[in-house]
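>>> pasting a predicted model and its sequence here:
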Amino acid sequence: MTAEHQALTKTLDSQVTAHNPGLRSAHAVGPDTAAQLLIRATPNACGPRLPSSPSAEPPPVPASSGRTNRHRLSRGGDRVANAALYRIALVRMSSDPRTRDYVARQTTAGRTKKEIIRLLKRAVAREMFRCLTTTVTVPGIADLRPLRQSKSITLTAAARQLGVWPARISTLERGIRRDDELAHAYRDWLHTA
């Protein structure tokens, strides 16, 4: 079953990447999440569409009581797309340095974890809308591994030079995780090495 799961995930990944490479290359968007967003964004008879613009999403509903002044997301939206946005927000909270900094700033400002996730989901929804509606150019990475191998540089040596773990260089070379800044610095270092 593991082999079948891996084969199906690989097929799904290739289909999603061929259909919308910008969506698939966004941070924390895996093949299953990208497929769910693509399906929900396509007008069809199977289900509701995503809003025609990011500002068309339902506004937050006031949920204040007593002295607290807060809002919650409207529950009237697409539950599958909402779950996909939630997963992206959670993964970014654990692995993206910019999102971690944002969470720290918002926590210092006195926001709760639920409020921070709501803000992150709105930002992720705007980004996913751009990826779904515009053509995003994805920088090529196919030259990185052959360039490193032609100079007989190991993954460990490259990772040590760039100050990251070898697994991060490996996932970058294989196209599993997109990191444009690291790819640019890695390419520059490989040309000068």
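In hand now; what should we look at?
>>> touching stretch 19-34 from outside, list them.
9, 12-13, 16-17, 37-38, 84, 87-88, 91-92, 95-96, 127-128, 131-132, 134-138, 177-179 (Cβ atoms under 8 Å, 6 or more residues apart in numbering). From N, CA and C alone the C-beta is placed, and that goes for glycine too.
>>> isn't residue 177 up against residue 171?
Yes - the criterion here is Cβ atoms under 8 Å, and residue 177 meets it with residue 171 at 4.4 Å.
>>> where does pLDDT dip in this protein?
Low-confidence segments of the chain (pLDDT under 70): 43-60, 72-76.
>>> which residues of it fall in strands?
Taking DSSP state E as the criterion, the chain contains strands spanning 61-62, 71-72.
>>> which stretch among the ones you listed comes nearest residue 193?
With Cβ to Cβ as the measure, strand 71-72 is the member of the strands of the chain nearest residue 193 (51.8 Å).
>>> count the residues that sit near the closest residue to residue 127 other than its chain neighbours.
Spatial nearest neighbour of residue 127, chain neighbours left out: residue 26 (6.7 Å); criterion: Cβ to Cβ, 6 or more residues apart in numbering. Residues contacting residue 26 under the criterion other Cβ atoms under 10 Å number 21.
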